[in-house]
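Peer 1: coords please:
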Amino acid sequence: MSDEKLSQEENEKELPTTNSVDETQTVSKEVANTTTKLAETALEEKTEDTSKTTENVSKKEVEGTLETIEIDEDEEEIKSSEDDEEEEEHNEEVQKDYSSLSKKELVSELENLLNSKKIQDLKNEVEEIRSEFNNQFNDELEQKKEEFLAEGGNIIDFQYTTPLKKEFNSLYFDYKEKRNTHYKTLKNNLQANLDKRWELIEELKGLLSAEENINTTYKHFKDIQEKWHVAGAIPRDKYNTVWNTYHHHVENFYDFLHLNREFRDLDFKHNLDSKLKLITRAEELGQEEDINKAFRELQMLHKMWKEDIGPVAKEYRDEVWDKFSEATKIIHDKRQEQLAAMEKDFAANYEKKKQLVEEIKKATEEAKPSHQGWQNAIKKVQELRDAFFNTGRVPRANNKEIWKIFKDATGNFNHQKNSFYKNQKKEQYTNLEKKLELIKIAEDNKDSEDFEVTTALMKKIQNDWKNIGHVPRKDSDKIWKQFKKACNDYFDRLHAQKNEANKEEVVHFEAKQQMLEKLASFELSGDHKADIKTIKEHITAWKEIGRVPYNKRTIEQKFNKTLDGLFSKLDLGKKETELIKFDNKLNTLVNREDERKLQNEHFFISKKIDETKDEIRQLENNLGFFHHVDENNPLVKEVHKNIARHKEQLDVWKAKLSKIKEVRED
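Peer 2: Numbering: from 1, shown residues only. Presented below is the predicted three-dimensional model:
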C-alpha cells in the first residue's frame, strides 16, 4: 500500500489530542518559545500552499524550505532571500531624492550611511548619491574648463579637482572595499556550509551499514539531524540537490527502522506530539489582531513543520496536515483581506504622486527666465517634493515607475535651473570684460591736463559703467575700487586746480570756522521743537556761506560730527536724523559744484538700494524653507526682524535718492 493512500480502517482512527487545558497552555508557551528561538537562527520562508491535501514528506513538500542564499552573477555579489513584503518595505525606504543636497551634504550623507548601516544594504543609496555628486561635479568641471579656455588656456593642460571630490572618492573606495570583502567572506561561508552538509549526508548514508547497537544508531541519527538544522545557509543553486538528497536518505533510514518497530513508533509518536503543538499554536494565531505578526510566526511554524519535525504514522498524516492547513487558511484569508484594503489606498497614493510629478513638470515649464522667477519656481518645486514624500506607499507594481518619473521630473528641473544660472554667469563674465576696458580708459586719462575734454569723457565712462550690469561677485569690489580710484584721481586734480583760483573760498572757510566754534558751544534748552529749529537755522546759515577751499574741506566733516553730537541728544527718529544730515551733505556738494561727488553719491545710493532689495528677497526666500515651522520660532522671528530692518533702511535710501535726483535735475 502506498504512502498516499490509506485503508478505510486507518482513516477512521481518531486523532490523538492533548489531555487538558493546562497541557494546551503549556503547548502554546512551548511553541511560542520555540518559534522565537528559530527566528534568531533561521530566515523566514514562504508559507506552503494551503490547497495541499496530503502530507507526504517528499521532494515536493520540502522544496523551498531550506535556508538559502542567492548569488547574483551579474553583480558578482550575494543576496539573502527575503520575504517579498520586506523587500517592498526596503524599496520604499531607499527612495530618497538626493538632488536637493549640495556636494558637501552628499559627502556627509555617504559617510553617515557607511557608519550607520550594514554594507550589504547600501547599494541603492550609495549609487544614487554617487550619481548626483558626479552630476554636480561635472557641471562645476565644465564651468571651470570654460573659464580656463576663456583665459587663453590650452585644453590639454586643463586639470581640475577639489578636496571635496577627493574625500568623496576615498569614501566610495572604502565602500567598494568593504562590500567586496563582505561578499567574499559570505561566499566562502556558504561553500563551507555546503561542504558540511555533504559530510552529514555521507554520515547519514553510513548509518545503514553501521555495525552497532540499534540504540546507538538511532542516537547517531538524531545527532545528525541536530547538526543539519544548524549547518547554516548554502548557495541557492545547490539547494534543491542537497535537500532532496538529504531527505532521500532520511526516508531510507526510516525504512531501515521498520526492522525495529519500537524505535519507529516512538519517533512517530514524538513527531505527532510536536505537530499537534504546532496546530494548536496556528489556531491561536487565527485570533491574533496583528495580522502581519501572525503571518510571520505562521511562516516559522511551517518551517518547523517541514525542517524540524519528521513524519508521523500513516494513519494520521492526512488528518494532521488538514488541520494545520485549515488553521493556515484562516490567517491567509485575513492577510489577503488586509492587503486588498491596503491596495486601494496605495492606488490612490499612486494617482496623487502622478499628479504631483505633473505639477513639477508644469513648474519647470512656467519658470520665468529671471533670478526672481527661478527663485519662485525653486520654492514651488520644494513644496511639491515634500508633498510627494509625505504621500504614502503605492502598489508594488507601480513603485519603480513612479520613482523614475519623479526623478526624471526633478532632474529636468535642476538641469533647467542650472542652465539658466550658468548662462547668467557667462553674461557676467562678458560684463567684466567691458568694465575692465572702462578701467583702462580711466587710468589712461586720469593725468590729462585737457580738463574740458577729459571731464566729459570721464563722466561718460562713469555712466557706461552704471549701465553695463552685474559682474561675478568675486570681482565686483575689486574692479569697482580700481575704477573709482582712477576717476577720483582725475577729479581731485580738477577740483584742486579750481580751488587754487578761487580766493573767495578762503573767506567762506573763515566764516564756517567761526560758526563751527559757535555751534560746538551751543547748549540745548530742553525745548525739543525750539532746539531743532535752532539747529536747522545753523544748517541753513552754513549752506548760505558757500564752499571752502579743497584742501580745507575737512571742516565739513567736523560740522557733520558736531551735528551728530547734537542729534544724539535729541529724541529724533533715525530716518529724520539721517535725512537732515543728508540735506547738509548735499548742500556741501552743490556749493562746491562738485558734480563728480554728486554722481558718485547717486551711484552709491542706487547700488545700496539694489543691495538692500536683494537682501530682502533673499530673506523672504529663506522664509520659504520655514513654511512648516511655527511663527514663534526664534529663528523665524529673527528673519522677520531682519526683513523689517532692511525695509526701513530701504525707505531711507529711497528718500535720499529722491533728494539727490532733485538736486542734479535743478
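Peer 1: from here on, contacts and neighbour counts on C-alpha atoms
Peer 2: Fine.
Peer 1: Give me the next element, helix or strand, following the longest helix seen in the chain.
Peer 2: In the chain, with assignment by DSSP state H, the single longest helix is helix 314-366. Next helix or strand after helix 314-366 toward the C-terminus (DSSP states H and E): helix 371-390.
Peer 1: centroid residue for this protein?
Peer 2: Tyr98 (4.5 Å; C-alpha atoms, centre = their mean).
Peer 1: Phi, psi for Tyr160 please.
Peer 2: phi -150, psi 130 (degrees, to the nearest 10).
Peer 1: ok, now Ile234?
Peer 2: phi -130, psi 170.
Peer 1: Can you classify Lys184 by secondary structure?
Peer 2: Assigned with DSSP: H, G, I helix; E, B strand; the rest coil, Lys184 falls in the helix class.
Peer 1: What is the burial count for it?
Peer 2: 15 (other C-alpha atoms under 10 Å).
Peer 1: Over to Lys641?
Peer 2: 12.
Peer 1: Likewise for Asp267?
Peer 2: Neighbours of Asp267 using other C-alpha under 10 Å come to 20.
Peer 1: returning to what we had before: residues touching the residue nearest to the centre of the chain, list them.
Peer 2: For Tyr98, the contact set (C-alpha atoms under 8 Å, 6 or more residues apart in numbering) comprises Leu106, Glu128, Ile129, Glu132.
Peer 1: which element is it on?
Peer 2: Counting by DSSP H and E, Tyr98 is part of no helix or strand.
Peer 1: any idea how far Lys361 is from it?
Peer 2: With distances taken as C-alpha to C-alpha, to the nearest Å, Tyr98 is found 18 Å from Lys361.
Peer 1: what's the answer for Tyr218, then?
Peer 2: 72 Å.
Peer 1: Kindly report the same for Ile405.
Peer 2: For Ile405 relative to Lys361 (C-alpha to C-alpha), the value is 10 Å.
Peer 1: between the two, which one's more packed in?
Peer 2: Lys361 (18 against 15).
Peer 1: Hmm, the more buried one is touching Ala409, no?
Peer 2: Yes. Lys361 is within contact range of Ala409, at 5.9 Å (criterion: C-alpha atoms under 8 Å).
Peer 1: Look up how far Glu510 lies from Leu516.
Peer 2: 10 Å.
Peer 1: Which one of those two is surrounded by more residues?
Peer 2: Comparing Leu516 with Glu510 by neighbour count (other C-alpha under 10 Å), the higher total belongs to Leu516, at 21 against 12.
Peer 1: For my notes, confirm the more buried one occurs in a helix.
Peer 2: Yes. Per three-state DSSP, Leu516 lies within a helix segment.
Peer 1: On the pLDDT front, check it for me.
Peer 2: pLDDT recorded at Leu516 is 86.
Peer 1: and what of Glu202?
Peer 2: 90.
Peer 1: helices or strands up against the helix or strand it falls within?
Peer 2: Using DSSP H and E, Glu202 maps to helix 163-206. Applying 3 or more C-alpha pairs under 8 Å, 6 or more residues apart in numbering; DSSP states H and E, one finds that helix 163-206 makes contact with strand 77-80, helix 103-116, helix 214-229, strand 234-235, helix 239-257.
Peer 1: Low-confidence ranges, the stretch 451-600 of the chain, go.
Peer 2: Applying pLDDT under 70 to the stretch 451-600 of the chain flags residues 499-502, 571-574, 588, 591-594.
Peer 1: if you set the cut-off to 50 instead, what comes out?
Peer 2: Within the stretch 451-600 of the chain, not a single segment meets pLDDT under 50.
Peer 1: now the stretch 1-150 of the chain
Peer 2: 1-94.
Peer 1: State the distance from Gly152 to Thr430.
Peer 2: For Gly152 relative to Thr430 (C-alpha to C-alpha), the value is 15 Å.
Peer 1: who's more crowded, the two?
Peer 2: Thr430 (16 against 9).
Peer 1: Show the contacting residues for His229.
Peer 2: Counting by C-alpha under 8 Å, 6+ apart, His229 has contacts Glu307, Asp308.
Peer 1: From the chain's centroid, how far away is the helix or strand Leu276 falls within?
Peer 2: Assigned by DSSP H and E, Leu276 falls within helix 261-285. Remark: helix 261-285 is offset 54 Å from the chain centroid, using C-alpha atoms, centre = their mean, to the nearest Å.
Peer 1: Whatever helix or strand comes next after that helix packs against which elements?
Peer 2: For helix 261-285, the following helix or strand on the C-terminal side (DSSP H and E) is helix 291-303. Other elements packing on helix 291-303 under the criterion 3+ C-alpha pairs under 8 Å, 6+ apart are helix 21-41, helix 261-285, helix 314-366.
Peer 1: closest one to Leu114 among these?
Peer 2: helix 21-41 (24.9 Å; C-alpha to C-alpha).
Peer 1: In contact with the nearest residue to Leu200 once chain neighbours are set aside, which residues are there?
Peer 2: Leaving out its chain neighbours, the residue that sits closest to Leu200 by C-alpha to C-alpha, 6 or more residues apart in numbering is Ile224, at 6.4 Å. Ile224 makes contact with Leu200, Glu203, Leu204 under the criterion C-alpha under 8 Å, 6+ apart.
Peer 1: Report pLDDT for Ile224.
Peer 2: For Ile224, the predicted pLDDT is 89.
Peer 1: quick revisit: which two of the contacts of Tyr98 have the greatest separation?
Peer 2: Leu106 and Glu128 (9.9 Å).
Peer 1: Which of these two has more residues huddled nearby?
Peer 2: Leu106 (21 against 17).
Peer 1: what about the more buried one, distance to Ile129?
Peer 2: For Leu106, the distance to Ile129 - C-alpha to C-alpha - is 6 Å.
Peer 1: for Thr364, same thing?
Peer 2: Counting by C-alpha to C-alpha - Thr364 and Ile129 are separated by 23 Å.
Peer 1: Repeat that for Leu494.
Peer 2: On the measure of C-alpha to C-alpha, Leu494 and Ile129 end up 62 Å apart.
Peer 1: Also Ala340?
Peer 2: In terms of C-alpha to C-alpha, Ala340 sits 35 Å off from Ile129.
Peer 1: quick one, which of those two is more surrounded?
Peer 2: Ile129 (21 against 12).
Peer 1: Now the more buried one: which helix or strand?
Peer 2: Going by DSSP H and E, Ile129 is in helix 123-150.
Peer 1: got the angle between that helix and helix 103-116?
Peer 2: Relative orientation of helix 123-150 and helix 103-116, computed by axes from the mean of the first three to the mean of the last three C-alpha atoms, to 10 degrees: 150 degrees.
Peer 1: How many neighbouring residues does Ile605 have?
Peer 2: Neighbour number of Ile605 under other C-alpha under 10 Å is 19.
Peer 1: That one sits in which helix or strand?
Peer 2: Going by DSSP H and E, Ile605 is part of helix 595-623.
Peer 1: How far away from the center of its chain is that helix?
Peer 2: For helix 595-623, the distance to the chain centre is 35 Å (C-alpha atoms, centre = their mean).
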